[in-house]
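Q: Build me a model:
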Amino acid sequence: MTEETDTTTYDYYSGSEPCQKADVKKSASLFLPPLYSLVLIFGLVGNVLVVLILIKYKRLRSMTDIYLLNLAISDLLFILSLPFWAYYTAHEWDFGNAMCKILSGVYYTGFYSGIFFIIFLTLDRYLAIVHAVFALKARTVAHGIFTSVFIWVVAILISLPGVIFHSVQKEKDHWTCSSHYPSGYETQWKQFLILKMNILGLVIPLVIMIFCYTEIIKTLLRCRNEKKHKAVRLIFIIMIVYFIFWAPFNIVALIYTFQASFSLDNCENSNQLEIALQVTESIAMIHCCINPVIYAFVGEKFRKYLYTFFQKHIAIYLCKFCPVLHGDKLERVSSTYTASTAEHDISIGL
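A: Numbers count the residues shown, from 1 in each chain. Below is the predicted model of the structure:
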């Protein structure tokens, strides 16, 4: 993902012999394709189920539902680019210059839109809990749609450097899809884009999270409302999990780009940073299939909707003759769970 992670065989340090660096690409070509394949399968199934449940059962009746839907779409965008990157790690880039730019744009747009929607989900919880009266007017479906369009536009604009600078190039005996900056400004662009990624993807979300949840906790301690506690729990876990998966990569990428500033520009440290960069980016990639798992374990209503969906649309075809799946019982199960859609949105979107 980073604009500067292209692996070279040798680095030359002033006054030293050539430094043979670890061939990250060779090791990555062994474990990344199966890892990306698993993420693709679980992430695709999980996020498609989230989209179906939000549309079919929740019917997008609140701002929270709108943001959760867009977060799932953001993860799906991220996931759909993985087969191409998996193939690339094992072989070379065989998809042409246009696809190199498009998929790089999809990758970055998925990353930035994902964190922006998590931020707005946090702000949504903040308004619902801390400014409940104002939230009745502000937290509407129309406002949710408007802000979602705004988020997508901003994410696309921020991702444009990834589209502009990524291109196909022949290096030695194989084709690559990587960043190529204007001559003489390579270092400045690399440092600027890494700082941008850390500020937008780590620093700002962390500041907003600390502020919002500090105010939310103060309010919950005063009112001690169980429903409001549940309303916060899901979004809080989504935010924490995001930091667990993405923060290590952001930090390592920052250190890797500013090796000289951290006095790490020697052969051994550079080698270790390249390996750490590959490992942390692989962990960050897994995040796009984690949110549906969070919903399943934390969101009680999501589990009910998922059970109903499985009973009505999957299990009945796998076991047509099981009495428990017959129509009259299915209707009773469906009516029991769909009645819960009338509950107030304060109990959280999923």
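Q: Not counting its own residues, what contacts stretch 28-46?
A: With CB atoms under 8 Å, 6 or more residues apart in numbering as the test, stretch 28-46 has contacts from 75-76, 78-80, 82-83, 85-87, 89-91, 278, 282, 285-286, 288-289, 291-293. Quick note: C-beta positions are derived from backbone N, CA and C, even for glycine.
Q: can we see that at 7 Å?
A: Contacting residues not belonging to stretch 28-46 are listed as 75, 79, 82-83, 85-86, 89-90, 278, 282, 285-286, 288-289, 292-293 [CB atoms under 7 Å, 6 or more residues apart in numbering].
Q: mind checking how far it is from the chain centre?
A: Relative to the centre of its chain, stretch 28-46 is centred 15 Å away, using CA atoms, centre = their mean, to the nearest Å.
Q: for it, which positions count as buried?
A: 28, 32, 33, 35, 36, 39, 40, 42, 43, 44, 46 (16 or more other CB atoms under 10 Å).
Q: Over it, what's the mean pLDDT, rounded is fine.
A: Computed over stretch 28-46, the mean pLDDT rounds to 85.
Q: Format the buried residues of stretch 28-46 as CSV; extra columns: secondary structure and distance to residue 110.
A: What follows is the buried residues of stretch 28-46, written out as CSV (DSSP: H, G, I helix; E, B strand; the rest coil; distance: CB to CB, whole Å):
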residue, secondary structure, distance to residue 110
28, helix, 20
32, helix, 18
33, helix, 20
35, helix, 17
36, helix, 14
39, helix, 13
40, helix, 13
42, helix, 16
43, helix, 11
44, helix, 13
46, helix, 15
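Q: mind putting the residues you listed in JSON lines, distance to residue 243 included?
A: Below are those laid out as JSON lines (distance: CB to CB, whole Å):
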{"residue": "28", "distance to residue 243": "24"}
{"residue": "32", "distance to residue 243": "23"}
{"residue": "33", "distance to residue 243": "27"}
{"residue": "35", "distance to residue 243": "21"}
{"residue": "36", "distance to residue 243": "22"}
{"residue": "39", "distance to residue 243": "19"}
{"residue": "40", "distance to residue 243": "24"}
{"residue": "42", "distance to residue 243": "21"}
{"residue": "43", "distance to residue 243": "19"}
{"residue": "44", "distance to residue 243": "24"}
{"residue": "46", "distance to residue 243": "20"}
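Q: Residue 300: which of those is nearest?
A: Among the buried residues of stretch 28-46, residue 46 lies closest to residue 300 (CB to CB), at 17.4 Å.
Q: which of the contacts of stretch 28-46 are buried?
A: Here, 16+ other CB under 10 Å leaves 75, 79, 82, 85, 86, 89, 278, 282, 285, 288, 289, 292 buried among the contacts of stretch 28-46.
Q: Just the residues you listed: which are in helices?
A: 75, 79, 82, 85, 86, 89, 278, 282, 285, 292 (DSSP state H).
Q: pLDDT below threshold where in this structure?
A: The chain contains residues with pLDDT under 70 at 1-25, 224-229, 231, 313, 316-350.
Q: now the helices: where do they sit in it?
A: 24-53, 63-80, 82-90, 96-130, 132-138, 141-165, 186-198, 204-223, 226-257, 267-286, 291-298, 300-310, 316-318, 327-338.
Q: on that earlier part again, farthest pair within the buried residues of stretch 28-46?
A: It's 28 and 46 that sit farthest apart of the buried residues of stretch 28-46, by CB to CB, at 24.6 Å.
Q: Can you tell me which of the buried residues of stretch 28-46 is nearest residue 130?
A: Ranking the buried residues of stretch 28-46 by separation from residue 130, with CB to CB as the measure, puts residue 46 on top at 31.1 Å.
Q: Distance of the closest one relative to residue 40?
A: In this view, residue 46 and residue 40 are 11 Å apart by CB to CB, to the nearest Å.
Q: Check residue 264 too.
A: 34 Å.
Q: Residue 121 now?
A: Distance from residue 121 to residue 40, by CB to CB: 25 Å.
Q: before we move on, what about residue 302?
A: Distance from residue 302 to residue 40, by CB to CB: 22 Å.
Q: Repeat that for residue 243.
A: 24 Å.
Q: Same question for residue 142.
A: In terms of CB to CB, residue 142 sits 35 Å off from residue 40.
Q: repeat for residue 212
A: Separation of residue 212 from residue 40 (CB to CB): 33 Å.
Q: swap in residue 127?
A: Distance from residue 127 to residue 40, by CB to CB: 35 Å.
Q: Please apply the same query to residue 284.
A: Distance, residue 284 to residue 40, by CB to CB: 15 Å.
Q: Residue 90 versus the closest residue to residue 169 other than its chain neighbours, what's the distance?
A: Nearest residue to residue 169, sequence neighbours excluded (CB to CB, 6 or more residues apart in numbering): residue 176, at 5.6 Å. For residue 176, the distance to residue 90 equals 14 Å [CB to CB].
Q: quick one on the thing from earlier: any idea which of the helices of the chain is most buried?
A: Of all these, helix 63-80 has the most neighbours on average by mean count of other CB atoms under 10 Å, namely a mean of 23.
Q: can you list the residues that contact that helix?
A: 39-40, 43-44, 47, 50-51, 54, 58, 60, 106-107, 109-111, 113-114, 117-118, 120-121, 124, 139-141, 143-145, 148, 288, 291, 345, 348-350.
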